[in-house]
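Trainee: Sequence plus the predicted model coming up.
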Amino acid sequence: MNLVIDDILDENLAYYRARKIALTARVLINGRGSIIRRNVKSHIYTYRRKKFHGRQIDIYIGPRDSEKSKHVENVINKTKNDLNELKEVCHALKRLRTRYMNQEDFTQHIRDLFRLMEKEGLWDEGLQLVGSWCFKVYQNFFGVEHYPQRTIDVDFAIPIPYKGIPVEIGKKLKDLGFEEQFNRSDSSISYVSSEIKVEFLTHRKGDGKREEDPYIKELDIAPQALPYLNILLDNPRTETLKDLGKITLPSMGAFLVHKLIVADERKNEAKKAKDYRQAYAVAKTVVHDPEEMERTKNVIQGLHKKRQKKMLKSSKEATKYVPEAHEAFHQVLEVFG
C-alpha cells in the first residue's frame, strides 16, 4: 500500500516540478508589468508600465486597437495568470512532503557539495552557506516565501584565520569534477562545473587597500575578501535538514541586516533590487517569529553605530525598489529604536 501511495506522490510531484520550472521560465522571459492607457487628443494609446533600475517607467506600445497593443496586453495577462498558478503550484509542492519539495532546488550536485563540507567537518569550523543558496534554504525549510530567482553561484563564508583541522578542500572539489578559475582582480580562486560555480568568501578588514595573498594553505583555497561578512560569520545557525544533512548558515536576522547594509553600497541596480527583495522576504518571516526577532535585535545591537545608521538609511531606500517592504522593515527595526 505504501508503495502505491509513494508512486502516486511521485507522479504528482513530477507534474508539479515540471510545471513550476515551466511557469518560472515563462515569467522570467516575459517579465512583469501592467497596461496603462492614455487619451491624447481623443485617441487612446497603450503603454506598458514596468520597473527599471528601481523606477517606474511607461513604455509606449501603440494605439489601443493595434495588433501590437493586443499582443502585449495578452502577454501581461498571461504572466499574471502564470504568477497565480505558480503560487498554487508551490503551495501544492509544500503539501506533498517537505522532503520532495527540497528536491526542487537542491540537485544531487548541490547535495554532494554540502555533504562534502559536512564530511570534512567544515560546518563545525565556522564555514557558512551564504548568498542566494542560503536564501533557498530559508525558502525551502524556514517558511520564507517563494519567488522566481536564478543563480549558479554557491557562496561559502569562512572565518580567517582558520583554526580548524587542515582540509585540502580545493583539491577535494577538483576531485568532484570542479575546475579552478583564477580571478585576476583579487587573486581569489573559484571552482566551476557544468552546473554551478563555488566561491569562498571571508571578511575584509580595514579599507581593503592593503593587498595580501588570499591563499589559505590549511584549506587549499583562496577566498575573496568582502566587507561586512563578519555580520554573518558572527551569527551562525546550524541545522540538520531532511535530505541535506548538517548545514551552517547565518541567522535570518543576520542575513536581513547584512542585505540591507550591502544593498546601500551597491552600484549595480539589479543586484541592489535583488538584495532588497530577499531582505523583504526574510523580514516577513522574522516578524512572525519571536525567537528570530530576538536574534535580530541582538544582531542590530551588536553593530557599530555607523553600521546601524547605514542599515536604517538603507531600509528607507528599499521602498523605492520594493514599495510594500516598508511595514515589514519598520516592524523588524523597531527593536533598534
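Mentor: Received, thanks.

Trainee: now the strands for the stretch 1-150 of the chain?
Mentor: 34-40, 43-52, 55-63, 128-130 (DSSP state E, counting those that start in this stretch).

Trainee: what comes up buried for the third one?
Mentor: Of all the residues in strand 55-63, those buried under the rule 16 or more other C-beta atoms under 10 Å are Ile61. (C-beta placed from N, C-alpha, C; glycine too.)

Trainee: who does that strand pair up with?
Mentor: strand 43-52 (antiparallel) (DSSP bridges).

Trainee: Just the C-alpha atoms of the partner strand, please, in PDB.
Mentor: Provided in PDB are the C-alpha atoms of strand 43-52 (Å, rounded to 0.1, in the frame of the first residue of the first chain):
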ATOM      1  CA  HIS A  43      -7.100  58.900 -29.400                       C
ATOM      2  CA  ILE A  44      -6.300  56.200 -26.900                       C
ATOM      3  CA  TYR A  45      -2.800  54.800 -26.700                       C
ATOM      4  CA  THR A  46      -1.400  51.800 -24.800                       C
ATOM      5  CA  TYR A  47       1.700  51.800 -22.600                       C
ATOM      6  CA  ARG A  48       3.400  49.100 -20.700                       C
ATOM      7  CA  ARG A  49       4.300  50.100 -17.100                       C
ATOM      8  CA  LYS A  50       7.200  48.300 -15.500                       C
ATOM      9  CA  LYS A  51      10.100  48.900 -13.100                       C
ATOM     10  CA  PHE A  52      13.500  49.800 -14.400                       C
END
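
Trainee: follow-up on the earlier one: out of the strands of the stretch 1-150 of the chain, which is closest to Glu212?
Mentor: strand 128-130 (21.4 Å; C-beta to C-beta).

Trainee: So which bits of stretch 237-248 are buried?
Mentor: Arg237, Leu241, Leu244, Lys246, Ile247, Thr248.

Trainee: The fourth one: what secondary structure?
Mentor: Counting by DSSP: H, G, I helix; E, B strand; the rest coil, the backbone at Lys246 sits in strand.

Trainee: doesn't Thr238 make contact with it?
Mentor: Yes: when contacts are counted by C-beta atoms under 8 Å, Lys246 is listed as touching Thr238 (6.9 Å).
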